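S.K.: after the sequence you'll find the predicted model.
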Amino acid sequence: MDEQTLQRALLCFQAERPAAYGEFHRGRQPDRLRESQQLSYSEFFRRFLLPNRPCVLSAELTESWRSRQHWVTGQEGEPDFQHLLKHFGDFIVPVANCNVKEYNANPKYNIPFRDYLSYWREHRESGYSSPQGCLYMKDWHMHRVFPDHGAYSTPLFFQSDWLNEYWDTIELDDYRFVYMGPKGSWTPFHADVFRSYSWSANICGRKKWLLFPPGQEEYLKDHSGNLVYDAQSPILQDSNRYPKYSQCCQPIEVVQEAGEVIFVPSSWHHQVYNLEDTISINHNWLNGCNIDTMWQFLQGELTAVQEEISEWKNCMEDWHQHCQLLLKSCTGINYCEFYTFLKIIAKNRIAVLEATSGDSAALQSTLPTELSALGPCHSVFDLHRTKDVLTSVLANEDFSKLDPDLLDPHPEELLHEIKEMTDSIL
């Protein structure tokens with residue numbers, strides 16, 4: 001990030017940012033960036049991350065990936081089943097049945113990858129019909145199994161990734177996935193975890209995306225407030241069940257070709273179809289531009305939990321702690337862990353800025369390499385955003401009820417450390 005972009009970003013967050021998606025409501029298509037490799041990070045940041053707008057990056061961005069060279073047959077551009085079987089056949093992978101609805105999603109179970117490949121071949125040979133249904137291998141944490149896989153590299157535009165930086169640090173999880181599925185497999189209507197960004201690269205095959213700008217999902221809820229399972233279902237025409245659907249804009253339809261990468265912004269609900277046999281790499285991620293969105297999401301989820309068990313508030317010992325346990329069960333993280341998340345991000349940026357004027361070799365050996373690639377201005381921006389959100393966290397009534405012994409260092413101390421660093425730089 002260059003200094004001009006840093007100053008623009010800081011000014012942007014000093015005032016409430018208006019969310020203007022009117023042109024998308026009227027049918028505007030996301031930008032397709034034909035010369036992605038010539039686009040600077042700062043330009044991408046200004047054009048897409050700050051205003052939270054989708055785009056599609058050209059296939060040249062992925063043409064050197066080993067996965068595009070080895071997971072795909074040369075002439076047909078289809079999945080290379082022999083190569084995949086040889087290298088990954090013994091591993092257990094999650095599979096969803098696209099023909100079965102379960103709580104507004106598809107039920108998933110784990111099977112050996114070789115069994116899934118066998119199913120996929122038979123499914124193709126039977127004209128994409130199977131008594132097992134339409135099975136979609138999704139959310140496979142290949143990166144966690146093969147951290148040095150070399151199958152792909154995260155494009156520079158998406159390397160400011162707080163979510164995976166945090167989970168890599170605590171060594172518990174990650175949000176990097178491989179998807180593989182036959183023609184006709186699909187993902188129901190949803191928004192991504194924590195209302196994060198996502199990027200998705202087609203190794204082979206084609207996808208159709210239906211994108212809805214933030215706020216439109218309110219028109220796709222039934223009278224009980226539940227999101228529709230299929231955003232193209234005729235049931236939406238039932239005004240008694242979906243009373244607000246007539247106000248919804250038409251979805252933005254994007255066909256993603258082989259090799260292309262789509263950027264899905266924060267809180268954009270979407271539905272995705274595989275138009276051909278398709279393999280894709282998908283990351284969920286967030287950073288300083290949408291960390292406040294994650295914090296708002298967690299507050300909303302906690303409110304929903306509190307309302308659900310409100311009748312027990314006056315008779316249940318440690319009711320607030322129970323709410324935090326339920327929040328973690330529902331979302332994967334609670335307020336205490338969210339503070340730890342902010343702490344890790346802040347400490348890493350402080351170390352970057354200290355090392356910039358000191359021992360650069362120490363920086364390279366102890367911190368994520370992405371931080372040095374993005375430059376010190378990005379670390380300054382990240383610290384400002386961490387400071388803003390941490391200030392909001394400290395003012396939150398539910399956060400104040402946490403056991404202070406679980407918070408190390410005390411949040412006020414961390415906030416003071418962040419402010420000292422940002423003030424010294426300015």
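M.R.: In hand now; what should we look at? For clarity, every value in this text was computed on a predicted model and none was experimentally measured.
S.K.: can you list contacts of stretch 222-236?
M.R.: For stretch 222-236, contacts defined as Cβ atoms under 8 Å, 6 or more residues apart in numbering pick out 101, 104, 188-190, 210, 212, 217, 220-221, 240-243, 245, 251, 269, 271. C-beta: built from backbone N, CA, C; applies to glycine.
S.K.: quick one: terminal-to-terminal distance for that stretch?
M.R.: End-to-end distance for stretch 222-236, by Cα to Cα, to the nearest Å: 9 Å.
S.K.: swap in stretch 22-32?
M.R.: End-to-end distance for stretch 22-32, by Cα to Cα: 19 Å.
S.K.: and it, which residues are buried?
M.R.: By neighbour count on 16 or more other Cβ atoms under 10 Å, the buried set for stretch 22-32 is 24, 30.
S.K.: distance from that stretch to the middle of the chain?
M.R.: Put simply, stretch 22-32 sits 21 Å off its chain's centre (Cα atoms, centre = their mean, to the nearest Å).
S.K.: by mean pLDDT, point me to the weakest helix or strand of this structure.
M.R.: Ranked by mean pLDDT, DSSP states H and E, the weakest helix or strand in the chain is helix 360-366, scoring a mean of 56.
S.K.: quick one: name whatever helix or strand follows that one.
M.R.: Moving toward the C-terminus from helix 360-366, the next helix or strand (DSSP states H and E) is helix 369-374.
S.K.: are any of the contacts of stretch 222-236 buried, and which?
M.R.: Buried members of these, scored by 16+ other Cβ under 10 Å, are 188-190, 210, 212, 217, 220, 242, 245, 251, 269, 271.
S.K.: how about TSV for those, with secondary structure added?
M.R.: Output for these, formatted as TSV (DSSP: H, G, I helix; E, B strand; the rest coil):
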residue	secondary structure
Pro188	strand
Phe189	strand
His190	strand
Leu210	strand
Phe212	strand
Glu217	helix
Leu220	helix
Tyr242	coil
Tyr245	helix
Pro251	coil
His269	strand
Gln271	strand
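S.K.: quick one, strands of this protein?
M.R.: Along the chain, counting by DSSP state E, strands occupy 31-33, 55-57, 92-97, 108-112, 135-140, 176-181, 186-190, 197-204, 207-212, 252-256, 261-264, 269-274, 278-285.
S.K.: can you add mean pLDDT and give those strands back as TSV?
M.R.: Converted to TSV, those look like this (pLDDT from 0 to 100):
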stretch	mean pLDDT
strand 31-33	93
strand 55-57	97
strand 92-97	98
strand 108-112	97
strand 135-140	97
strand 176-181	98
strand 186-190	97
strand 197-204	98
strand 207-212	97
strand 252-256	97
strand 261-264	98
strand 269-274	98
strand 278-285	98
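S.K.: point out where the stretch 51-200 of the chain drops to low pLDDT.
M.R.: The stretch 51-200 of the chain contains no residues with pLDDT under 70.
S.K.: picking up where we left off before, can you redo the strands of the chain as CSV with distance to Ile350?
M.R.: Output for the strands of the chain, formatted as CSV (distance: least, Cβ to Cβ, whole Å):
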stretch, distance to Ile350
strand 31-33, 34
strand 55-57, 32
strand 92-97, 37
strand 108-112, 40
strand 135-140, 34
strand 176-181, 26
strand 186-190, 36
strand 197-204, 24
strand 207-212, 37
strand 252-256, 39
strand 261-264, 29
strand 269-274, 36
strand 278-285, 21
